[in-house]
Structures are given as structure tokens and as C-alpha cells.
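Colleague: Mind folding the following:
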Amino acid sequence: MEVQKMKELTVTKLAELREGDVLTALDGKPYAKPLTVASELGPITTGSPVRGVRFEPPTGSGIEWTGTA
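Modeller: Below is the predicted model:
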């Protein structure tokens, strides 16, 4: 089976992240457990003026992971 290396991108805006993207580092510092985008930039909750990206929580994490714009 052939293994393909994932393409590495530099994201400067949360709006560039899409569902399924994997965030491996922030400001050049790698995450111990990469974060996968669960939903793209939008309201954190219905009707909220706060916009953010929602991430799938890493295994064993009991908190909700979001990045706000």
C-alpha cells in the first residue's frame, strides 16, 4: 500500500479552514494531538454574534474546542 504525505498549508485566517482540515500547529508550535475541523467559520451557537470554528475534541478531552474570530 502506498502512503501519501499530506499537503502542508499555512492558514492565516479561520475563514480558510474547511470541515475535515487538520490543524497540527499554531504559531509554529506543534499540537500534541492535532485538531480536526468539525464545522467551518460561523456562529458558535444559533443566533450568536460570536463567530468561530468548531473542532472535534481530541480523544479523552472533556471540553469543547473552538477558535473564535
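Colleague: where in this protein is pLDDT low?
Modeller: 1-9, 69 (pLDDT under 70).
Colleague: For it, give the strand that spans the most residues.
Modeller: What stands out as the longest strand in the chain, according to DSSP state E, is strand 29-43.
Colleague: So which bits of that one are buried?
Modeller: L35, V37, E40, L41 (16 or more other Cβ atoms under 10 Å). Every residue, glycine included, has its C-beta placed from N, CA and C.
Colleague: what helices or strands is it leaning on?
Modeller: strand 22-26, strand 51-56 (3 or more Cβ pairs under 8 Å, 6 or more residues apart in numbering; DSSP states H and E).
Colleague: how about a cut-off of 10 Å?
Modeller: strand 22-26, strand 51-56, strand 65-68 (3 or more Cβ pairs under 10 Å, 6 or more residues apart in numbering; DSSP states H and E).
Colleague: want to throw the ones you listed into CSV with distance to T10 and mean neighbour count?
Modeller: Listed next are those as CSV, based on distance: least, Cβ to Cβ, whole Å; neighbours: other Cβ atoms under 10 Å:
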stretch, distance to T10, mean neighbour count
strand 22-26, 10, 12
strand 51-56, 16, 18
strand 65-68, 15, 14
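Colleague: Reformat those strands into TSV and put distance to T45 next to each item.
Modeller: Output for the helices and strands packed on strand 29-43, formatted as TSV (distance: least, Cβ to Cβ, whole Å):
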stretch	distance to T45
strand 22-26	21
strand 51-56	10
strand 65-68	10
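Colleague: just to revisit the earlier point, grab the two from the buried residues of strand 29-43 that are most spread out in space.
Modeller: Greatest spacing in the buried residues of strand 29-43, by Cβ to Cβ: L35 and L41 (14.6 Å).
Colleague: on that earlier part again, so what touches the longest strand of the chain?
Modeller: Contacts of strand 29-43 with the rest of the structure, by Cβ atoms under 10 Å, 6 or more residues apart in numbering, involve 13-26, 48-61, 64-69.
Colleague: Thanks a lot, see you next time.
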